[in-house]
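[1] Sharing a model prediction with you, sequence too.
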Amino acid sequence: MKSFLLPCSCSHVIPITSGKAGGFVACPACGREVAVPKLRDFSRLKSVEEGQSRSGMGWRLAHACMLAGGVATVLAWSGAALLAVPQQATITSEMIRANVAAASDKQIFQAWKELSQSGVARPPLPDEKRLQQRSSFWQGVSRALLVIGTLGAVMGLVGAGMWATARPQRR
Ligand SMILES: [Zn+2]
């Protein structure tokens, strides 16, 4: 609502609304009753523009948008970049050789027996399955972070656009 500034004889300025037209308001500074002019004389009073506070709010919103969007973008994209760094191959030939060397004859015999039974088309072992699931999980997370980062960037741009248009005009 548009409010007007009614000056009191004590030099305090009382904010009033058009609802008070023709009545009296008590000055919060000196306590004097001040006559409020009729509605048609309100144009002589200084007014606090409704639009000003609204655009001020839009401006703050735009700023918040820009800030949140920017932060989301930086966080999400750096997270995605960290995840996208190729993870070291979990199983290397050195590891297999070391494992085989450390394994007892009985274990090797057991492994050979399992391999010969299941053949080449054996189903993935639980460990391999877990590894596959884990890497696809992190790929999913990385993709989600990229999407979040993009949304954040869009939000920041929208905020910047709003900021450019809703910036309060100083008169
Ligand atoms: Zn006063």
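    Sure thing, it's come through.
[2] any idea how far the ion is from the residue most central in space within the chain?
    The geometric centre of the chain, computed from its C-alpha atoms, lies nearest to residue 68 (Cα atoms, centre = their mean), at 4.1 Å. As defined by Cβ to the ion, to the nearest Å, residue 68 lies at a distance of 43 Å from the ion. From N, CA and C alone the C-beta is placed, and that goes for glycine too.
[3] Tally up the residues packed near residue 145, please.
    By other Cβ atoms under 10 Å, 21 other residues sit near residue 145.
[4] ok now do it, which residues does it touch?
    76, 77, 79, 80, 83 (Cβ atoms under 8 Å, 6 or more residues apart in numbering).
[5] so what's residue 77 closest to, chain neighbours aside?
    Of all residues beyond its chain neighbours, the one nearest residue 77 is residue 149 (4.0 Å), with distances taken as Cβ to Cβ, 6 or more residues apart in numbering.
[6] Next, the contact list for the one you found, please.
    With the criterion set at Cβ under 8 Å, 6+ apart, residue 149 makes contact with 72, 73, 75, 76, 77, 80.
[7] 6 Å - rerun?
    The neighbourhood of residue 149, defined by Cβ atoms under 6 Å, 6 or more residues apart in numbering, consists of 73, 76, 77.
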